[in-house]
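> I would like to see how this sequence folds:
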Amino acid sequence: MRASLRSALTLLVFATLGTAPSVIHAQTTKAPTPAAAPIVGVWNGSAKSDAGEMKIEVKIEQAAGKFTGSISTAHGNWTIVSATVKDDVWTVTFSRGDEAGTGTMTGKIVNRTFAGAWDNSPMAVGTFEVVK
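Numbers count the residues shown, from 1 in each chain. Reported below is the predicted structural model:
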């Protein structure tokens, strides 16, 4: 008899509130935190062009939906101003500091390697490969 009374009271409470137990549970469950984009992290490698090979370290961070960071080279540090992805192809845009203009790194991430085209016109155009 107690079980029947408990069931009846439970139904009465939910009927009064107008919600079912599963709805209450769904409202209190938090959505999982999205994982960081695969471009985020510290990458080390080089950029190659007709001018030669240059070691680079690329640091990319993500905050509030924006990507920022830096590229450290023998020619100085450059600021990453954006990163975008379309059809699994990433484009990282960087400012060269005191020099006019911007450059780009455009390529794909496969496993822990980001590789593709390096465009630092008019100084150097070629390829890059960095590993996380």
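> how does this protein divide up, domain by domain?
1-30, 41-131 (automatic domain parsing).
> Mean pLDDT lowest where, among those?
The weakest mean pLDDT among these belongs to domain 1-30, with a mean of 45.
> and the domains of the chain as CSV, adding mean neighbour count?
The C-beta positions use only the backbone N, C-alpha and C, and glycine is treated the same way. Putting the domains of the chain into CSV (neighbours: other C-beta atoms under 10 Å) gives the following:
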stretch, mean neighbour count
domain 1-30, 9
domain 41-131, 15
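> So what pairs up with Asn77 in the strands?
When bridges are called by DSSP bridges, Asn77 pairs up with Ser72.
> cool, and Asn44?
Beta-bridge partners recorded for Asn44 (DSSP bridges): Glu57, Val131.
> you'd agree it is up against Glu129?
No. Taking contacts as C-beta atoms under 8 Å, Asn44 lies outside contact range of Glu129: 10.0 Å.
> Next up, identify which helix or strand the residue positioned nearest the centre of the chain is on.
By C-alpha atoms, centre = their mean, the chain has its centre lying nearest to Ala37, at 2.6 Å. Using DSSP states H and E, Ala37 sits within no helix or strand.
> Show the backbone phi and psi for the nearest residue to it once chain neighbours are set aside.
Excluding the flanking residues, the one nearest Ala37 by C-beta to C-beta, 6 or more residues apart in numbering is Gln62, at 5.7 Å. With angles defined as degrees, to the nearest 10, Gln62 sits at phi -130, psi 130.
> residues contacting Gln62?
36-37, 39-40 (C-beta atoms under 8 Å, 6 or more residues apart in numbering).
> switch the cut-off to 7 Å
For Gln62, the contacting residues are 36-37, 40, by C-beta atoms under 7 Å, 6 or more residues apart in numbering.
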